[in-house]
Each structure stands twice: as C-alpha cells, then as structure tokens.
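Asks: model this:
(one chain, ligands or ions: 1)
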Amino acid sequence: MKNLGPVLALYPMPMVVIGANVNEKPSWTLVGHIGIVSHDSVLVSLAKPHYINKGIKETGRLPINLVNQQILKKADYVGSVSGNKVDKSEVFDYFVSDNGVPVINDSPLVIEGSVVDIYEYQNFDNFILKIENTYVDEKNLNEQGKIDYQKVAPVLFDFPNYEYLELGKVIGKCLALDD
Ligand SMILES: Cc1cc2nc3c(=O)[nH]c(=O)nc-3n(C[C@H](O)[C@H](O)[C@H](O)COP(=O)(O)O)c2cc1C
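Replies: Here you go, the predicted structure:
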C-alpha cells in the first residue's frame, strides 16, 4: 500500500450549515468538519476568523442543518462568502426554535446544540455541543419512527478533491450481516 504521509483523508463527511445570530441578524456558514465526541455530544470545527464564531460564543447555541441537494446551492454560497463582508441573513427561510436558534425550513434534519466547551487548537475554535433537540421533516422517518437516511439524503463532503457526493445504498444491518 502506498503511504501518502499525513493527509487529512477522513471523508466522506456530512455537509452541514450552521447558523447563529450575529449582530442581531442570522448568519450562516457551511461546515464539513464536524464529529461525534460522545453519545449525546457533537463537535463543530471552525476557523477562528469566521464571522459566525462570535454569534455562537454570545448565544451559546447553534443549529446543525444537514444539507441535501435541494439546498446545496445556497449552502455552497454561504461557504464562499464571509459575514465579515456580506449580509447572509436572507439566504435561507428559517424558523426560530424555542431556544432562539435559527433553523432552516428546507433542511432535512437539524440538530440543535448548546455549547458546553470550546477546545481551541491551532487556528480553530472546536465547539463541543450537547444535543438539545432534533428537528426532522416527518417524511424522512421510517415506519418505526426512526430517521431514514435514504430519505434524508445528506450531501457528503470530500475535502481532498473538494467535491460533494451523494449517499449510497444500504448494504447490511450492523452486527447481523448474515441475516
Ligand atoms: C465545502 C466547504 C466546506 C467547508 N468546511 C468548513 C469547515 O469545516 N470549517 C470551517 O471553519 N470552514 C469551512 N468552510 C469555509 C467557510 O464556510 C467559509 O470560509 C465561510 O465563508 C465562512 O463564513 P463566515 O465568516 O460568515 O462565518 C467550508 C467551505 C466549503 C466551501
């Protein structure tokens, strides 16, 4: 096997748009570097100069809006310009959650988190978030009331080739591959 050296190669990852009120207006930022840190907490890794970081630090909450193909163009746009220069408040239709967080109406699945820690590493604010609420379009649930990721159809991120991918098909049940 060829060793490519230290390449950031842990992909595909789900693409998400995070949102926060900054200077009393919602702003949106496209993020691919997210992760799971425990069974009730997730991580969002943001470069320190980003405009949205200020809003997250002030409000202590944010929505993680999964991206599907329907909102991909807008999601790509909010990853191409900074709120430091452009007002992105009008890009998405949204509702405000009970916790005051802007949630994108057309996102197929949204995780609302509260900031429990910020792990500063190199030039990144890594926000550790406790999951508070999970919003899903009911058409994306299966007959058992569970999230059906084939219906959610998340767009995935490939950083090394800088491309968006779609989800593949189900190939087996975990721990029951012989069934
Ligand atoms: C496909 C894609 C993935 C991105 N992933 C991240 C990421 O994981 N972390 C990050 O800090 N910025 C990421 N960015 C960059 C920000 O979305 C971009 O710099 C944005 O303009 C910052 O907006 P803001 O300054 O308004 O917060 C990504 C951009 C693209 C196009």
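Asks: for the protein, which residues are neighbours of the ligand?
Replies: For the chain, the residues in contact with the ligand (C-beta under 6 Å from any ligand atom) are 27, 29-33, 45-47, 50-52, 79, 81-84, 157. Just so you know, the C-beta spots here come from the backbone N, C-alpha and C atoms, and that holds for glycine as well.
Asks: which of those residues fall within strands?
Replies: Judged by DSSP state E, strands contain the following of these: 27, 29-31, 45-47, 157.
Asks: redo the residues you listed as JSON lines? Include neighbour count and pLDDT.
Replies: As requested, those are exported to JSON lines (neighbours: other C-beta atoms under 10 Å; pLDDT from 0 to 100):
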{"residue": "Ser27", "neighbour count": "25", "pLDDT": "98"}
{"residue": "Thr29", "neighbour count": "27", "pLDDT": "98"}
{"residue": "Leu30", "neighbour count": "19", "pLDDT": "98"}
{"residue": "Val31", "neighbour count": "25", "pLDDT": "98"}
{"residue": "Ser45", "neighbour count": "15", "pLDDT": "98"}
{"residue": "Leu46", "neighbour count": "21", "pLDDT": "98"}
{"residue": "Ala47", "neighbour count": "13", "pLDDT": "98"}
{"residue": "Phe157", "neighbour count": "22", "pLDDT": "98"}
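Asks: which pair of those spans the longest distance?
Replies: The two members of those with the most space between them (C-beta to C-beta) are Ser27 and Phe157, at 20.4 Å.
Asks: ok so, going back, list just the nearest of the ones in strands among the residues of the chain next to the ligand to Val96.
Replies: Once C-beta to C-beta is applied, the member of those that ends up nearest Val96 is Ser27, at 14.0 Å.
Asks: what number of residues lie near Asn68?
Replies: 22 (other C-beta atoms under 10 Å).
Asks: cool, Asp117 as well?
Replies: Number of residues near Asp117 (other C-beta under 10 Å) recorded here: 12.
Asks: and it, its phi and psi?
Replies: The phi/psi pair for Asp117 (degrees, to the nearest 10) reads phi -160, psi 160.
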